[in-house]
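Enquirer: below is the sequence, then the predicted model.
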Amino acid sequence: MRSNFNRKYQTEYRRKLRNEATLYERTLWSKLRGRQLEGRKFRRQAGIGKYIADFYCPSEKMIVELEGPYHYTDQVNERDKERELYFKKLGIKVLRIPNPHSAEALRNVLNEISSQFRPE
């Protein structure tokens with residue numbers, strides 16, 4: 001059976017996305033990596049099916065997508081809905097979060113993510 005995760009043909013593109021991460025992606029990743037958020041493991045630029053998620057937490061079956069101005073167009077909005085429907089069919093929850101523009105906003109983002117965790 002073919003895996004839905006991290007398909008080989010995506011390897012170079014996922015690497016490119018990691019290397020060209022936005023300031024907001026790098027900032028959030030610095031707080032998610034190494035199980036810093038309540039011991040949950042996150043993967044950055046994780047391939048799921050034909051899509052690549054900004055951050056994926058396998059134990060929570062949750063994707064965190066950072067959204068900047070690029071996401072606020074009709075065309076991108078339609079693609080985002082298609083992606084979200086695909087993830088939902090796999091039982092994966094998608095949390096869409098505006099880019100955190102300050103330290104306080106970053107704290108709020110981390111609180112929002114952890115509030116979605118199932119109790120241990």
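Expert: That came through, no problem. Numbering: from 1, shown residues only.

Enquirer: how many neighbours does the residue nearest to residue 61 when sequence neighbours are not counted have?
Expert: Of all residues not flanking residue 61 in the chain, residue 92 sits nearest, at 4.9 Å (C-beta to C-beta, 6 or more residues apart in numbering). (Glycine included, C-beta is placed from N, CA and C.) Look at residue 92: counted by other C-beta atoms under 10 Å, it has 20 neighbours.

Enquirer: likewise for residue 41?
Expert: Neighbours of residue 41 (other C-beta under 10 Å): 14.

Enquirer: doesn't it belong to a helix?
Expert: No: counting by DSSP: H, G, I helix; E, B strand; the rest coil, residue 41 falls outside a helix, being coil.

Enquirer: that one touches residue 33, doesn't it?
Expert: No: contact status for residue 41 versus residue 33: not in contact, 9.2 Å apart, counting by C-beta atoms under 8 Å.

Enquirer: residues in contact with the residue lying closest to residue 62 once chain neighbours are set aside?
Expert: Once flanking residues are discounted, residue 62 sits nearest to residue 93: 4.7 Å by C-beta to C-beta, 6+ apart. Taking C-beta atoms under 8 Å, 6 or more residues apart in numbering as the contact definition, residue 93 lies against 60-63, 87, 116.

Enquirer: how about low-confidence regions in the chain?
Expert: 1-3, 5-10, 13-14, 69-74 (pLDDT under 70).

Enquirer: which residues in it form strands?
Expert: With DSSP state E as the criterion, the chain has strands at 43-48, 51-57, 62-67, 93-98.

Enquirer: need those in CSV with distance to residue 26, can you?
Expert: Formatted as CSV, these follow (distance: least, C-beta to C-beta, whole Å):
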stretch, distance to residue 26
strand 43-48, 10
strand 51-57, 11
strand 62-67, 11
strand 93-98, 15
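
Enquirer: wait, which of these is closest to residue 120?
Expert: Closest approach to residue 120 among those (C-beta to C-beta): strand 51-57, 13.3 Å.
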